[in-house]
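**Q** Model the structure of this input:
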Amino acid sequence: MHTNKINIRMAQKEDADLIVKYIKDLAAYERELDQVSVTVQAIEQEMFEKQGAEALLAEIDGKPAGFALFHRSFSTFLGKSGITLVDLYVEPHMRGKGCGKQMVAHLAYLAESNKMKRLEWWVHDWNRDAMKHYQNWGAFQVPYIRVCRLCDDALRSLASQSFCEAAEKRERLLETDRLWVTKAREVDIESIIALESHSENRDYLWIGTPEEHRKEIYDPNHELLVFEEKVSKKMVGYALNRLDYISNKWELRRIAISEKRRGYGKEVIKGLLEYAFHELNMNRFWLDVYPDNVGGIKLYEGLGMHCDGVLRQNYKSQRGYIDQIIYSILREEYNGENQLLD
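**A** This is a model prediction of the structure:
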């Protein structure tokens, strides 16, 4: 009499295509195949790279027989971790050989050996045969729990009511014709440093470290800002400002634009001037610029800023000692010359 040899093993990244096949086979059995959009690439990324879930694969006599996809869970009542079985599927010609029960038993072993308190899963109320198997294994149905699910339009609608989105909107400092000027978050730091390091910017900017930029985000006397296109949502620049609320001074310490020669720099600075003088009631808006930054000098003078003088050889860079030219505009001058900004 031949005895089938059942082997249960953990799925690996190279099994992603088999996992997708089993997901689709199970969906077809449950008459929900039209709802499946999973891809091999998604399984590779979400399961194995991000470790969002795990899976067991069953083999009978060395041939694939089925899978059990699961993830770790947590019971707040017990204060203990557990395992949630998401999908259990055995190929039709492999059924009746015990591999379904062995996969669930393997999950029970994982839970027990890791001092977990629960192994749980869902079952369709029409699947009476499966229910009988589960009851024979000692499982019971929780009579008072039903699965609630949000997706598609309902998910987006509820997400739009989140305080998180409202908070993000409040962090938008100002808008221009084409841009949102938004307070930077830690996820923006990598992009900011890439902007500073760009070949067209690095000779005119200090390149900050991740820790320096992180401090700037949380320093109440600094504002680290990013510029985002309204239409494409793409980040096209950033600025670092230092605010002196005692003397009512706004210092534009750094500004960089990734999309050159499109007028974004002028558009943003006009918005910052309006915000500094009319929203924050600042008295002086100032910055420094290197002598060879001809485009920057032309921009600042075109916006009505005045040259206050030169700090000779005030900054040491890889290019040697560099002068810094100080440009500023006062609130009374801004109000008097505002037609230049229209």
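**Q** what ranges of the chain fall below the confidence cut-off?
**A** Counting by pLDDT under 70, the chain contains low-confidence residues at 1-3, 158-170, 336-342.
**Q** repeat that with 80
**A** Low-confidence segments of the chain (pLDDT under 80): 1-4, 145-151, 155-171, 201-204, 206, 318, 336-342.
**Q** Can you show me the strands along it?
**A** 6-10, 54-60, 63-75, 80-90, 118-121, 172-175, 179-183, 222-229, 235-244, 249-257, 284-289, 306-317, 320-330 (DSSP state E).
**Q** now the ones you listed as JSON lines including mean neighbour count?
**A** Quick note: C-beta positions are derived from backbone N, CA and C, even for glycine. Putting those into JSON lines (neighbours: other Cβ atoms under 10 Å) gives the following:
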{"stretch": "strand 6-10", "mean neighbour count": "14"}
{"stretch": "strand 54-60", "mean neighbour count": "21"}
{"stretch": "strand 63-75", "mean neighbour count": "19"}
{"stretch": "strand 80-90", "mean neighbour count": "18"}
{"stretch": "strand 118-121", "mean neighbour count": "16"}
{"stretch": "strand 172-175", "mean neighbour count": "15"}
{"stretch": "strand 179-183", "mean neighbour count": "19"}
{"stretch": "strand 222-229", "mean neighbour count": "21"}
{"stretch": "strand 235-244", "mean neighbour count": "20"}
{"stretch": "strand 249-257", "mean neighbour count": "20"}
{"stretch": "strand 284-289", "mean neighbour count": "20"}
{"stretch": "strand 306-317", "mean neighbour count": "12"}
{"stretch": "strand 320-330", "mean neighbour count": "16"}
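**Q** Now tabulate those strands in CSV and tack on distance to residue 23.
**A** Written out in CSV, the entries for the strands of the chain read as follows (distance: least, Cβ to Cβ, whole Å):
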stretch, distance to residue 23
strand 6-10, 17
strand 54-60, 10
strand 63-75, 8
strand 80-90, 6
strand 118-121, 15
strand 172-175, 41
strand 179-183, 39
strand 222-229, 37
strand 235-244, 36
strand 249-257, 46
strand 284-289, 57
strand 306-317, 57
strand 320-330, 61
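**Q** Of the ones you listed, which is nearest residue 98?
**A** Comparing the strands of the chain by their distance to residue 98 (Cβ to Cβ), the top pick is strand 6-10, with 6.4 Å.
**Q** ok now do the residue lying closest to residue 70 once chain neighbours are set aside, which residues does it touch?
**A** Leaving aside its sequence neighbours, residue 70 sits nearest to residue 85 (Cβ to Cβ, 6 or more residues apart in numbering; 4.9 Å). Under the criterion of Cβ atoms under 8 Å, 6 or more residues apart in numbering, the contact partners of residue 85 comprise 68, 69, 70, 104, 107, 119, 120, 121.
**Q** And the strands of the chain: which comes nearest residue 31?
**A** Evaluated over the strands of the chain, closeness to residue 31 peaks at strand 80-90, with 14.2 Å, by Cβ to Cβ.
**Q** Okay, now the sheet partners of the closest one, with direction.
**A** Within its sheet, and counting by DSSP bridges, strand 80-90 is paired with strand 63-75 (antiparallel), strand 118-121 (parallel).
**Q** how far out from the middle of the chain is that strand?
**A** Averaging C-alpha positions (Cα atoms, centre = their mean, to the nearest Å) puts strand 80-90 27 Å from its chain's average.
**Q** can I assume residue 20 is in contact with residue 39?
**A** Yes. Taking Cβ atoms under 8 Å as the definition, residue 20 is a contact partner of residue 39 at 6.9 Å.
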